[in-house]
Structure formats: C-alpha cells, structure tokens
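**Student:** What follows is a predicted structure for the sequence shown.
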Amino acid sequence: MDAARRATLAGLAWLAVQFAVPLARMDPSRSPPFSPRFSWSMFAGRPLATCSHDLAWSTPEGERLAMPLPPATSPVHRILTARTPDEFRRVVPLLTAYADSDAVVITALNDLLNRHKRAVDARGRYVLTSTLVCRTFEGEMLRRTLRLGAP
C-alpha cells in the first residue's frame, strides 16, 4: 500500500471517528442547546409576534411632552421611534439578536426604556409610559404597559 492510499484511509478513519463519537454520546432525552423556534432575527425570519409600540413622555399631572431622544443616527433612536408593526419588526434585532420567546424581547425593551429614562431624567421628574400591543401568530393578543417615573 502506497503512502497516498494510507493517508487517505487515515483521513477517512479520522472523519468517521469525528461523526461517530458525538452520535454515540447523544442522549435523545436531552433538549438541544438552542430554541426550536426561529428567533426574531435569525435568517431574517419573521418575528414571533406582530407588535405596535406607543411611548408617552409626560409630567406627573399627565401633560404630554416631546420625549428627549438620542441622535437620529443612534440605534436607540430607531427603537424609541418605532411605532407600527413594520417599524417595530425592523428594530427588534437591535434589542436582542436571538430571542426564543416574546418575553425575551419585552424584557430587553423594558431594560432599554429603564436605561434611557435614567439617562435623560435622572431626577425622576417625568413619566415614561410604554404600551406594547402584540398579536402572536397563534392569534393571541398581548398588551404590556410599563410606567416609569413619578407616581
């Protein structure tokens, strides 16, 4: 047997071991380390829910004011100004790259709103109200309201 044939056989044996060991160790009762659902941004797939988002910046007495926003070039600006389902769908990957549930996206949005509110209103003089209305692909309606600021 010549050297080239031995090298080819050794390479094929090495490949066979690389496939055989993980297959032998695989436990069918364990769940995979990733969600079986597509994420909001993976492969530019559709989001888990269709959402519209409304933000209100007001005084404690309820007088609505223009909300302070970061520069228009900031990704945070794009997220805070997204209102319609199409706009919100485009900015969700900025919130979280691999969400496997709507709750992950809502948590990321709430965290961003908390950080923005603290950055622009450190003394807590104003109220930021976020209303997120979503319809899942199963037809279920979700409505989440977050109120940050003075009581």
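**Tutor:** Cool, the structure landed.
**Student:** Name the SS class of residue 88, please.
**Tutor:** When classified by DSSP: H, G, I helix; E, B strand; the rest coil, residue 88 comes out as helix.
**Student:** shaky segments in this protein?
**Tutor:** Within the chain, the set of residues satisfying pLDDT under 70 comprises 1, 23-48, 98-100, 151.
**Student:** in it, which spans are helices?
**Tutor:** 3-25, 75-81, 85-95, 102-120 (DSSP state H).
**Student:** so which of those helices comes closest to residue 61?
**Tutor:** Nearest to residue 61 among the helices of the chain is helix 102-120; the distance by Cβ to Cβ comes to 17.9 Å. All C-beta spots, glycine's among them, are computed from the backbone N, C-alpha and C.
**Student:** Just give me the residue right at the centre of the protein.
**Tutor:** The centre of the chain sits closest to residue 96, judged by Cα atoms, centre = their mean, with a distance of 2.9 Å.
**Student:** Angles on the backbone of it, please.
**Tutor:** phi -150, psi 130 (degrees, to the nearest 10).
**Student:** How about it, nearest residue that isn't a chain neighbour?
**Tutor:** residue 108 (4.5 Å; Cβ to Cβ, 6 or more residues apart in numbering).
**Student:** just residue 57 next, same as before
**Tutor:** residue 67 (3.5 Å).
**Student:** Can you give the domain ranges for the protein?
**Tutor:** 1-30, 50-148 (automatic domain parsing).
**Student:** any idea which of those is most buried?
**Tutor:** domain 50-148 (a mean of 15; mean count of other Cβ atoms under 10 Å).
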